[in-house]
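A.B. asks: Sequence and predicted structure below; questions after.
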Amino acid sequence: MRMKMTREQKVAHRFLSSFDMVDSRLSSSLIALERAESARSSITGSIEGMGLSGSQGDKMCNALVRIEESIDDIRSLSDVYAAQFKEIEDFISDVQRIDQQAGKVLRHIYIDRISVKEVADEDDMQCTKKTVYEHLKRGLEIAFALLAKEVEPCL
């Protein structure tokens, strides 16, 4: 995103973007699981071809440990991901209660992860990129105010 933001907007942007970090860590854990599973498959093929030797058994044990660790990481991160998704979703809903269009833009940018151009083309928006940026900035200002507890969401 390339727009000039105030300090307050940057704070809100960082808060909303923190959701991406969990997704990134979850993706890394899935890659680690794939690598461990690949190592296990390779070792299993070697063991079947040569018979079980000490070093192959150790490699197999290590691969299984890596698989278990990756699965534990994925379970843990998926719980964190779900909790953080709910927090960000609820937070954006609070923004949307104050300013519906600004909230919609935040939802598209930070949850749906689509570009400003794609937001402008969305059926529920149908506006220019400039208008999307205006809604985005206003949404970030409201988000900062909520984070700073300056504004209470309408219920």
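C.D. replies: Alright, I've got the coordinates.

A.B. asks: What's the first helix or strand after whatever helix or strand Val95 lives in?
C.D. replies: Secondary structure assignment for Val95, by DSSP states H and E: helix 54-98. Moving toward the C-terminus from helix 54-98, the first helix or strand encountered (DSSP H and E) is helix 100-106.

A.B. asks: So for the helix holding Val95, mean pLDDT?
C.D. replies: Across helix 54-98, the average pLDDT comes to 80.

A.B. asks: So which elements touch it?
C.D. replies: If you count contacts as 3 or more CB pairs under 8 Å, 6 or more residues apart in numbering; DSSP states H and E, helix 54-98 packs onto helix 7-50, helix 100-106, helix 129-147. Yep, even glycine has a C-beta here, placed from its N, CA and C like the rest.

A.B. asks: Could you check the angle it makes with helix 129-147?
C.D. replies: Using axes from the mean of the first three to the mean of the last three CA atoms, to 10 degrees, the interaxial angle of helix 54-98 with respect to helix 129-147 works out to 100 degrees.

A.B. asks: and the helices and strands packed on helix 54-98 as TSV, adding distance to Gln84?
C.D. replies: Written out in TSV, the entries for the helices and strands packed on helix 54-98 read as follows (distance: least, CB to CB, whole Å):
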stretch	distance to Gln84
helix 7-50	5
helix 100-106	15
helix 129-147	15
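
A.B. asks: Need the winner for burial among these.
C.D. replies: Burial of the helices and strands packed on helix 54-98 is given as mean neighbour count (mean count of other CB atoms under 10 Å); helix 100-106 ranks first at a mean of 21.

A.B. asks: Just list what that helix packs against, helices and strands only.
C.D. replies: Packed against helix 100-106, as judged by 3+ CB pairs under 8 Å, 6+ apart, are the following elements: helix 54-98, helix 129-147.

A.B. asks: chain center to the longest one, what's the gap?
C.D. replies: Which is helix 54-98. On the basis of CA atoms, centre = their mean, to the nearest Å, helix 54-98 sits 11 Å off its chain's mean C-alpha point.

A.B. asks: if we can go back for a sec, check the helices and strands packed on helix 54-98 for me: which has the lowest mean pLDDT.
C.D. replies: With a mean of 72, helix 7-50 has the lowest mean pLDDT of the helices and strands packed on helix 54-98.
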